[in-house]
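1. sharing a model that was predicted from the sequence below.
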Amino acid sequence: NSNSNSSNSNSNSNSNSNSNPLHHGTILRIATSSGKFLSSIHFPPRLDLNSYNNYNHKNNNNNNKSSNYNNNNNTHNINTILPPQMQNLIHNYHPSDILDIGFTSRCILIIILRDSMCLTYNLDGSPLLPPFHILPHHTMTSSSSNNTQINNNDASSEVLTACIYEGGVAVLSPNMTCAIAEIIDEFEEQDGYLNSCHIASRRIDQLSYSQNNNHNNHNHTNLVYSVENTLKNPHEIRHIAIVTPLSTATHASTNYYTYLALAVLDRKHTPSRHPEIFLSTSDNSVLVADCSSGDITDVDCRARISAPITRMSFAPNGRFLACFTQDSILTVISTNFETKVLDFDTSEGSNRPPISMDWCGEDSVVLHWKNLGVLMVGPYGDWLRFPYDLDNNHSKHIIKKHKQHTNNTNNNNNNNNN
């Protein structure tokens, strides 16, 4: 839930104008589905410029502080380890740079910016991991005395579209480069998950960011988790981001097509137990990229799909894929593309693609068009339409609700609707 509160921003800006000139007054608010306020996050993030040098000291002190979910002034500085070259970069962001925002199944808030910068937060509004770029990001240091960082973005570091799913986020750039960031915890590392990751993967760790965030380091030893990190704070569950680049740009160039949409099949539904990225192509087909091996497979569904796919969404059980095509047809097909369940023509209501599309339960798809309303389509083509009048003060959003993930060490069934 992203809000910009002008009254709060004025008071905060005035009170912090000397100590924090980077605050622009935009606040992200985290609340439960029933509307109970949990925490707020300033955007762009408030920077503690000494955090890079003093991180270890502050991190140890933070363990003695309890988080208060009901405190309306619950805001956080970035007290995570932050490379100096990123300190001058992150405060230049504007709220319009936010491309997508959403939760994983572990209630981790992910914010994706247009240059592939990824921000992660806990429910109490505290940063989970240091900010990191999912796509290769090139910067250059000037020769001036203040070492100002100059951003040299190209098409490879911009994000065309993003997909936040149960386990992380995948992004696609205009030059057809695709990459995925998985958010895992220390219990999955103990099960040996990191050892089976792609050899080109890199790790973003809470305590060793400056040592491991290197795009040129393709050594598999870069994925070895340090037990010392856990020993420093034994009562805190450590999280790690595994960023895996895929050779989708080369594949697109070789076959002379572009990608129009992407969706991620969570690893609990795949044979390799690693995520698979589905990419729709401009020639009416879909590619499947295995994030473990890097293999790219063309499912060759051109005979089953009438036009290029512009939106895709997986059913919660991972068995079916909803596809919306350029000729306004909603197609529901099995994940292996062997069985077509439904073709539903929406052109009578609109010839434009929906703003959003997602599943409601296991057997219906919900589509949203601006100023037209919400359409729910059932398994046999039955449908319900919910029209609404949109004014200047309200907007409609389809919010996907994940089943909450529980670790092996926690056997209780906590039904948290965040």
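-> That came through, no problem.
2. how near is residue 313 to residue 358?
-> If you measure residue 313 against residue 358 using Cβ to Cβ, to the nearest Å, the figure is 5 Å. (C-beta placed from N, C-alpha, C; glycine too.)
3. any shared contact partners between those two?
-> Shared contacts of residue 313 and residue 358, defined by Cβ atoms under 8 Å, 6 or more residues apart in numbering, are found at residue 365.
4. and the closest residue to residue 44 other than its chain neighbours, how many neighbours?
-> Nearest-residue entry for residue 44: residue 93, 4.4 Å, with adjacent residues in sequence omitted and distances by Cβ to Cβ, 6 or more residues apart in numbering. By other Cβ atoms under 10 Å, the residues close to residue 93 number 21.
5. tell me which element residue 93 is part of?
-> Per DSSP states H and E, residue 93 falls between elements, in no helix or strand.
6. ok, back up a step: looking at residue 313 and residue 358, which is more packed in?
-> For the pair residue 313 and residue 358, the greater number of neighbours falls to residue 313 (23 against 19), based on other Cβ under 10 Å.
7. hey, what's that one bridged with?
-> For residue 313, the beta-bridge partners are residue 322 (DSSP bridges).
8. can you verify my assumption that residue 359 contacts residue 316?
-> Yes. Shown here, residue 359 and residue 316 form a contact pair, counting by Cβ atoms under 8 Å, at 6.1 Å.
9. skip ahead from the helix or strand bottoming out on mean pLDDT in the chain and say which helix or strand is next.
-> The helix or strand of the chain with the poorest confidence is helix 6-15; it has a mean of 31 (mean pLDDT, DSSP states H and E). Using DSSP H and E, the helix or strand that follows helix 6-15 towards the C-terminus is strand 26-31.
10. quick check: buried residues in that next one?
-> For strand 26-31, the neighbour count (16 or more other Cβ atoms under 10 Å) marks 26-28, 30 as buried.
11. residues in contact with the nearest residue in space to residue 109 that is not next to it in sequence?
-> Nearest in space to residue 109, with sequence neighbours left out and distances taken as Cβ to Cβ, 6+ apart, is residue 121 at 4.3 Å. By Cβ under 8 Å, 6+ apart, the contact list for residue 121 reads 30, 41, 108-109, 111, 127-128.
12. try 6 Å
-> With contact taken as Cβ atoms under 6 Å, 6 or more residues apart in numbering, residue 121 is in contact with 41, 109, 127-128.
13. which of the residues you listed has the most neighbours?
-> Neighbour counts for the contacts of residue 121 peak at residue 41, which has 23 neighbours (criterion: other Cβ under 10 Å).
14. which non-adjacent residue is nearest it?
-> Per Cβ to Cβ, 6+ apart, closest to residue 41 is residue 28, 4.3 Å.
15. and what of residue 133?
-> Leaving out its chain neighbours, the residue that sits closest to residue 133 by Cβ to Cβ, 6+ apart is residue 116, at 5.0 Å.
16. report the buried residues of stretch 350-369.
-> For stretch 350-369, burial by neighbour count (16+ other Cβ under 10 Å) applies to 350, 353-354, 356-360, 364-369.
17. over to the residue nearest to residue 120 when sequence neighbours are not counted: give its phi and psi.
-> The shortest distance from residue 120 to any non-neighbouring residue, by Cβ to Cβ, 6+ apart, is to residue 128 (4.1 Å). Residue 128 adopts backbone torsions of phi -90, psi -50, taken as degrees, to the nearest 10.
18. so what are the sheet partners of the helix or strand hosting residue 278 and their directions?
-> According to DSSP H and E, residue 278 maps onto strand 276-281. The strands beside strand 276-281 in its sheet (DSSP bridges) come out as strand 259-265 (antiparallel), strand 286-290 (antiparallel).
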